[in-house]
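Undergrad: build me a structure from this.
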Amino acid sequence: MQLRKWIIPIVLVSGLIFVLSLRQLSDPDLGFHLKYGKWITENHQVPLTDLSTYTVPGHDYVDMHWLFQVILYSVFLLAGYPGISIFICLLALALSLMIMIRNRLAGVPLAVTCLSLLAGFLIIDPRIAPRPEMFSFIFLTGIVFILDSYALSQKNHLWLIPVIMLFWCNMHALFILGLVIFAVCFLSSWLHERKADMKALPWLAVSFLVCFINPYGFRGFSFPVELLTRFDPHNVYNQHIQEFMPFWAQPRFVTGDYLFMALVGLTLVLTAMTLRARKVHEIVLLTVFALLAFGSIRNVPLFVLIALPVVSREVGELNKRVAFFWEKTEIVFFILLIIIPILLIPRLITNAYYAENNSFNKTGMGINPLHQPVGAAMFIRQHYPQTRILNSIGYGGWLSWALPQPVFIDGRLEVMQESLYGEITKSWNGGLPSLVSRYKPGLIIYNYLKYYPWTLQLKDMPGWRLVYLDEGAAIFTADTIQPEMPPVDLSSLPSKDILKARKPSWAWTMGFYLPAGDDLAGLQHKALFGLQMNAGIKGKRNPSDALAFFKTAGEKYKRGDYTGALACYDTAIALNPGHIKAWINRGILRASALKDFNGAIADFNHAIEADPRYGDAWLGRGTAWFYLHDLKAACNDWNRALSLGNVQASRLIGLHCNGK
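TA: The predicted structure is shown next:
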């Protein structure tokens with residue numbers, strides 16, 4: 001009877017999850033997953049060294065994703081790129097079905113299940129992608145379900161855990177979490193019962209041993225330990241790649257972040273209210289996974305999958321105590337579970353939801369050409385199939401899949417290693433000529449929205465010309481290679497006036513029935529590129545243009561478009577190098593959004609040299625020194641800022657410098 005009553009909310013929430021999960025393929029790792037899936041399928045072995053780049057071909061490659069890559073490539077052979085979109089959507093639906101079945105067997109009210117699914121998938125939304133994490137989410141949920149059933153109702157299906165672990169350790173390095181969860185549950189039971197559970201112990205041992213059944217043996221089992229270095233604040237990946245950023249370090253929160261904070265708060269409150277009924281392992285796992293989530297935003301979905309079953313049970317337990325309260329509020333949840341999906345589904349279909357949350361995701365099937373360099377790869381394959389390329393990291397995966405020649409770098413960070421990525425970061429601050437001199441590429445292909453400093457360097461580098469440009473990718477070639485290839489005519493690019501286009505105040509309503517303006521976005525991207533190419537050219541510097549870019553940068557920052565904001569600040573500075581506030585704001589943005597503290601210090605230095613009396617510049621530089629763990633330099637700069645009347649410096653000095 002209850003199921004029939006809640007059928008409409010269940011269908012709507014399921015429809016929301018379906019639309020949320022059916023996406024065009026934007027993930028930068030897709031290409032190398034397909035490349036290695038194809039190689040493994042054709043060679044009947046796993047790779048031992050890098051096969052994609054000319055920079056690190058001798059580096060070891062422990063391909064813990066090999067089974068996922070084979071499955072993904074098989075889906076591609078069967079149904080192409082649209083089939084991959086459908087496949088990932090089906091994995092997300094399978095995960096939601098597992099959560100629903102688990103809650104149903106635990107007697108959790110359907111309203112609670114629907115609410116948890118709705119909030120949970122909106123939180124994990126950024127990680128729904130063609131990555132092996134999708135299987136990790138399913139395996140983790142399955143293991144927690146089996147262990148909860150064993151602990152709470154003595155249903156012994158522990159033999160399934162070694163089976164899950166066997167697949168998991170051949171798909172993703174997060175398999176180690178399965179062992180951690182099983183070990184925590186076993187030890188908490190031992191503490192509670194004061195004796196070891198001899199039924200569970202053999203299956204824990206078997207689960208541990210099967211993890212060595214992978215093509216790399218002990219090296220594969222220990223591989224997750226190597227990845228822990230990415231979470232070191234001093235590690236270059238941690239400092240520059242957003243998914244490793246601590247949760248509180250994000251410069252802007254979006255819908256999923258607020259829901260995550262609400263879930264954490266609700267978990268604390270409900271756990272406190274039902275503390276006597278809680279098992280030790282529940283408290284330990286909630287604590288461990290909360291720390292992981294706050295330590296790195298990529299771990300937020302893991303906490304969600306651990307917390308949802310606990311919170312659902314807690315609500316069910318409280319429902320039995322205060323049934324009268326539930327009877328009065330049930331109708332409110334019923335209405336919300338109808339209204340929210342009805343409002344969100346159209347905005348997902350039109351991509352307005354993603355645009356509002358500064359997400360690159362798009363509803364649909366197949367490749368997202370704005371985020372995969374499809375056109376640029378076809379151009380290179382047709383005209384430069386043997387030419388050495390220098391590429392931005394986000395394009396490396398697709399290029400290694402789409403091109404016959406090896407690439408410069410891709411997203412397999414453990415293979416590329418910190419030294420090569422460090423060279424990339426130096427190239428953003430005037431180091432591109434040195435990078436070109438060392439690796440001698442004939443082509444440079446990059447995402448000019450993210451690698452905007454390359455544009456400002458390439459326009460002044462002799463011997464290079466622009467031969468290709470689309471909505472996101474630019475290709476420069478050396479003049480000595482195919483000199484007959486005509487350059488892109490910059491005068492044909494859209495006018496700068498298109499950057500001033502403003503949406504009317506009622507534009508948000510269009511997201512219910514009209515798609516987001518991708519065409520306009522593409523034109524604006526090209527117009528911005530054109531202005532950057534002309535920035536600083538004699539006779540083309542215009543202070544009023546610099547001011548316009550400065551204002552546009554501020555608007556983009558408020559919307560959370562940090563890449564666009566930085567590009568606009570770069571252009572404003574190129575148009576007017578004396579714009580002190582642009583130097584300061586770019587330094588703040590580099591420090592807060594990219595964690596590029598050295599680059600931020602360079603910007604603050606420019607501002608201080610231009611006007612040593614500018615207190616904000618001293619404050620910003622001091623903060624950058626603080627995050628680089630140079631407290632003495634930080635306190636010196638903050639004291640200088642305070643002497644210039646900056647009141648914020650007083651608080652920082654009081655917190656960190658007194659007695660130092």
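
Undergrad: show me the contacts for the nearest residue to Y354 once chain neighbours are set aside.
TA: Excluding its sequence neighbours, the residue lying closest to Y354 (C-beta to C-beta, 6 or more residues apart in numbering) is N361, at 4.8 Å. All C-beta spots, glycine's among them, are computed from the backbone N, C-alpha and C. Residues near N361 by C-beta atoms under 8 Å, 6 or more residues apart in numbering: 23-24, 26, 125-126, 351, 354.

Undergrad: any chance of JSON lines for those, columns secondary structure and pLDDT?
TA: Formatted as JSON lines, the contacts of N361 follow (DSSP: H, G, I helix; E, B strand; the rest coil; pLDDT from 0 to 100):
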{"residue": "R23", "secondary structure": "strand", "pLDDT": "93"}
{"residue": "Q24", "secondary structure": "coil", "pLDDT": "94"}
{"residue": "S26", "secondary structure": "coil", "pLDDT": "91"}
{"residue": "D125", "secondary structure": "helix", "pLDDT": "91"}
{"residue": "P126", "secondary structure": "helix", "pLDDT": "88"}
{"residue": "N351", "secondary structure": "coil", "pLDDT": "87"}
{"residue": "Y354", "secondary structure": "helix", "pLDDT": "86"}
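
Undergrad: and which of the residues you listed is nearest to P494?
TA: Closest to P494 out of those is N351 (21.6 Å), distances taken as C-beta to C-beta.

Undergrad: closest one of the contacts of N361 to D148?
TA: Minimum distance to D148 across the contacts of N361 is 25.1 Å, recorded for D125 (C-beta to C-beta).

Undergrad: just checking, that closest one touches G256?
TA: Yes: using C-beta atoms under 8 Å, D125 is in contact with G256, at 5.6 Å.

Undergrad: got a list of what the closest residue to H33 other than its chain neighbours touches?
TA: Spatial nearest neighbour of H33, excluding adjacent residues (C-beta to C-beta, 6+ apart): Q69 at 4.9 Å. Listed by C-beta under 8 Å, 6+ apart, the contact set of Q69 reads 33-34, 36-37, 40, 63.

Undergrad: go again with 10 Å.
TA: Residues near Q69 by C-beta atoms under 10 Å, 6 or more residues apart in numbering: 32-41, 46, 63, 132, 171.

Undergrad: tell me the mean pLDDT over the helix or strand harbouring A290?
TA: If you go by DSSP states H and E, A290 is part of helix 280-295. Averaged over helix 280-295, pLDDT sits at 89.

Undergrad: packing partners of that helix?
TA: Counting contacts by 3 or more C-beta pairs under 10 Å, 6 or more residues apart in numbering; DSSP states H and E, helix 280-295 packs against helix 133-153, helix 175-193, helix 255-273, helix 300-321.

Undergrad: so for W618, which of these sits nearest?
TA: Nearest to W618, of all the helices and strands packed on helix 280-295, is helix 255-273, at 31.4 Å by C-beta to C-beta.

Undergrad: the helices in the stretch 401-550 of the chain, which residues?
TA: Assignment of helices within the stretch 401-550 of the chain using DSSP state H, counting those that start in this stretch yields the ranges 413-426, 432-439, 452-458, 518-534, 543-559.

Undergrad: packing partners of the first one?
TA: The helices and strands touching helix 413-426, judged by 3+ C-beta pairs under 10 Å, 6+ apart, are helix 218-227, helix 236-240, helix 393-402, helix 432-439, helix 597-610.

Undergrad: just the C-alphas of the third one, formatted as CSV.
TA: Okay, so that is helix 393-402. What follows is helix 393-402, C-alpha atoms only, in CSV (Å, rounded to 0.1, in the frame of the first residue of the first chain):
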residue,chain,number,x,y,z
ILE,A,393,47.2,18.2,-19.9
GLY,A,394,43.4,18.1,-20.3
TYR,A,395,43.6,17.4,-24.0
GLY,A,396,46.3,14.6,-23.7
GLY,A,397,43.9,11.8,-23.1
TRP,A,398,41.7,12.4,-26.1
LEU,A,399,44.7,13.2,-28.4
SER,A,400,46.4,9.9,-27.4
TRP,A,401,43.3,8.1,-28.4
ALA,A,402,42.6,10.1,-31.6
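
Undergrad: show me what that helix is packed up against.
TA: Partner elements for helix 393-402 (3+ C-beta pairs under 10 Å, 6+ apart): helix 30-43, helix 374-383, strand 389-391, helix 413-426, strand 443-447.

Undergrad: let's see 7 Å
TA: Judged by 3 or more C-beta pairs under 7 Å, 6 or more residues apart in numbering; DSSP states H and E, helix 393-402 is in contact with helix 30-43, helix 374-383, strand 443-447.

Undergrad: in stretch 478-490, what's buried?
TA: Residues 478, 481, 488 are the ones in stretch 478-490 that count as buried (16 or more other C-beta atoms under 10 Å).

Undergrad: now these in TSV, with distance to T455 and pLDDT?
TA: Shown next, in TSV, are the buried residues of stretch 478-490 (distance: C-beta to C-beta, whole Å; pLDDT from 0 to 100):
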residue	distance to T455	pLDDT
A478	17	91
I481	20	89
V488	12	86
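
Undergrad: confidence score at the nearest residue to Y384 once chain neighbours are set aside?
TA: Nearest residue to Y384, sequence neighbours excluded (C-beta to C-beta, 6+ apart): L443, at 5.6 Å. Here the pLDDT value assigned to L443 is 94.

Undergrad: same check, this time on Y353
TA: Y353 is given a pLDDT of 86.

Undergrad: with W428 instead?
TA: pLDDT, W428: 81.

Undergrad: the nearest residue to it once chain neighbours are set aside - how many residues pack around it?
TA: In this structure, W428 finds its nearest non-sequential neighbour in P453, 4.4 Å apart by C-beta to C-beta, 6+ apart. By other C-beta atoms under 10 Å, the residues close to P453 number 19.

Undergrad: I am finished for the moment; much appreciated.
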